[in-house]
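Chemist: sequence first, then the predicted structure:
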Amino acid sequence: MGKVYDGIDGRLREFIDAQPVFFVATAPSGADGHVNVSPKGMTGTFAVLDEHRVAYLDYHGSGAETIAHLRDNGRVTLMFCAFAGPPKIVRLHGHGVAVPVDDPRFAELLAAFPAAPDRHGVRAVITVAVSRVSDSCGFAVPLMTYEGDRELLITSHSRRSAAELADYRATRNAVSIDGLPALAAGVQPAPE
C-alpha cells in the first residue's frame, strides 16, 4: 500500500539520492500532443533543495520536450525506482520551471550541483516545486546491477564550443516535436 508524505524527509531523501536513474514525465496542455517520459541520470546531477523543492541538470539532447511542456503548463512528475535492494517507487508531483543557461538565475542554481561531472554541456537547470510526495511497492520492478555512469554525453558536448552549444539550442532545441516553444527566446518566471 502506497503512502503520501508531507515532504521529502530524511529517509526519502536518502532513497532518492541513492538511485542512479530517475524518470521525468510531462505532457502538453489539452488533448493533443505527445506525452513525454525521459530517463535522467549521472552522479551529481540531481539535488533535493528542501522538503518541497528539487532540481536537476538538463543537458543538451536530441529533443526539448520536457522544457517545452514546462513552459506550456509546468506539470511534471519525477519517478525513482529501486532496481536494487527492497522494492520501492517514489513519485514527486509538482510544477517545474526550466532555467536556461542565459537566465540570470542559472549560476546560483548551478551551485547546488558541486559533484556534477560536467557543466559545459548543461542547457538548463530544471527546478520543481513539489506538491505531492508518494511511494508505492515496486514489486514488479526488476533487480538490476548498476555498472556506472555513461560518459558519452559529456564527451560529445566537450567537443562543442559554447557558441556551438548556443547554436544547437537555437536550432535543434527551439521547439518541441509538437511545435511548442522550448529554448526559444524569453525567460520563464520564477517558481512560486
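Modeler: Sure thing, it's come through. Residues are numbered from 1 along each chain as shown.
Chemist: does the most centrally placed residue in the chain belong to a helix or a strand, and which?
Modeler: The chain has Tyr56 as the residue nearest its centroid, 4.8 Å off, counting by C-alpha atoms, centre = their mean. Element membership of Tyr56 [criterion: DSSP states H and E] is strand 53-59.
Chemist: run through the neighbouring helices and strands of that strand.
Modeler: Secondary-structure packing of strand 53-59 (3 or more C-beta pairs under 8 Å, 6 or more residues apart in numbering; DSSP states H and E): strand 46-50, strand 122-136. Glycine gets a C-beta too; all of them are placed from N, C-alpha and C.
Chemist: now render the ones you listed as CSV, adding distance to Ala162.
Modeler: Conversion of these to CSV gives the following (distance: least, C-beta to C-beta, whole Å):
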stretch, distance to Ala162
strand 46-50, 24
strand 122-136, 11
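Chemist: any stretches of the protein with poor pLDDT?
Modeler: Along the chain, the model assigns pLDDT under 70 to residues 1, 184-192.
Chemist: residue ranges of the helices in it, please?
Modeler: Counting by DSSP state H, the chain has helices at residues 10-18, 65-72, 106-110, 152-158, 162-172.
Chemist: let's have those helices in JSON lines, adding distance to Ser38 and mean neighbour count.
Modeler: Compiled in JSON lines, these are given as follows (distance: least, C-beta to C-beta, whole Å; neighbours: other C-beta atoms under 10 Å):
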{"stretch": "helix 10-18", "distance to Ser38": "17", "mean neighbour count": "14"}
{"stretch": "helix 65-72", "distance to Ser38": "6", "mean neighbour count": "24"}
{"stretch": "helix 106-110", "distance to Ser38": "19", "mean neighbour count": "15"}
{"stretch": "helix 152-158", "distance to Ser38": "13", "mean neighbour count": "14"}
{"stretch": "helix 162-172", "distance to Ser38": "16", "mean neighbour count": "14"}
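Chemist: will you turn these into CSV that also has distance to Val141?
Modeler: Formatted as CSV, those follow (distance: least, C-beta to C-beta, whole Å):
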stretch, distance to Val141
helix 10-18, 13
helix 65-72, 22
helix 106-110, 31
helix 152-158, 24
helix 162-172, 33
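Chemist: any chance of the helices and strands packed on strand 53-59 in JSON lines, with mean neighbour count and distance to Tyr146 too?
Modeler: Formatted as JSON lines, the helices and strands packed on strand 53-59 follow (neighbours: other C-beta atoms under 10 Å; distance: least, C-beta to C-beta, whole Å):
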{"stretch": "strand 46-50", "mean neighbour count": "18", "distance to Tyr146": "15"}
{"stretch": "strand 122-136", "mean neighbour count": "20", "distance to Tyr146": "20"}
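Chemist: no more questions from me, cheers.
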